[in-house]
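Undergrad: The amino acid sequence is not available; the structure is as follows:
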C-alpha cells in the first residue's frame, strides 16, 4: 500500500470536555488542538504536523457528567501505526472509553486517483 495515506476519527466518551482533554493530553506529550481554534479552512482537515484535533460529538449521548469527544488523527502512512500508541495509552490512563454509539472511521487516500464531486 505504498503511497496511501490514512487518517482516523475516534468517537469517545471522556470524563473531560474537549478543551480539558486537549490540555491533559498535551501535558502527557500527545500534541492536540481543539479544532475550532484552527483557521476556518483547516477545521475539518487532517493535520499534517503530527497533531490530533478534538471536536465535540453530540451523537454519542454519554451518561452522567461525561462528554462526547471525537479525536481526529493526523495524516499517517500504513507503515507507522505505532505512532498512535502514546495517544491510546494516555486515553486508557485517563479513563476515556467508548460506548455503543461510538465509532471508528478510517479514511484512506489513493496515491494516484483523485475523485472530484460534480
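TA: Cool, the structure landed. Bear in mind the structure is a predicted one, so any value in this text is a computation, not a measurement. Numbers count the residues shown, from 1 in each chain.
Undergrad: What pairs with the helix or strand bottoming out on mean pLDDT in the chain, parallel or antiparallel?
TA: Least confident helix or strand, the chain: strand 76-77 with a mean of 84, by mean pLDDT, DSSP states H and E. Sheet partners assigned to strand 76-77 using DSSP bridges are listed as strand 5-14 (antiparallel).
Undergrad: Could you list the residues in contact with the partner strand?
TA: Under the contact criterion Cβ atoms under 8 Å, 6 or more residues apart in numbering, strand 5-14 has outside partners 21, 46, 57, 59-60, 62, 66-78, 91, 94, 96-99, 101-109, 111. No exception for glycine: its C-beta is placed from N, CA and C like everyone else's.
Undergrad: Which of those residues fall in strands?
TA: If you go by DSSP state E, these have 67-72, 76-77, 104-109 in strands.
Undergrad: Closest one of those to residue 30?
TA: residue 71 (9.8 Å; Cβ to Cβ).
Undergrad: isn't the closest one right up against residue 87?
TA: Yes. Here residue 71 lies in contact with residue 87, judged by Cβ atoms under 8 Å, at a distance of 7.4 Å.
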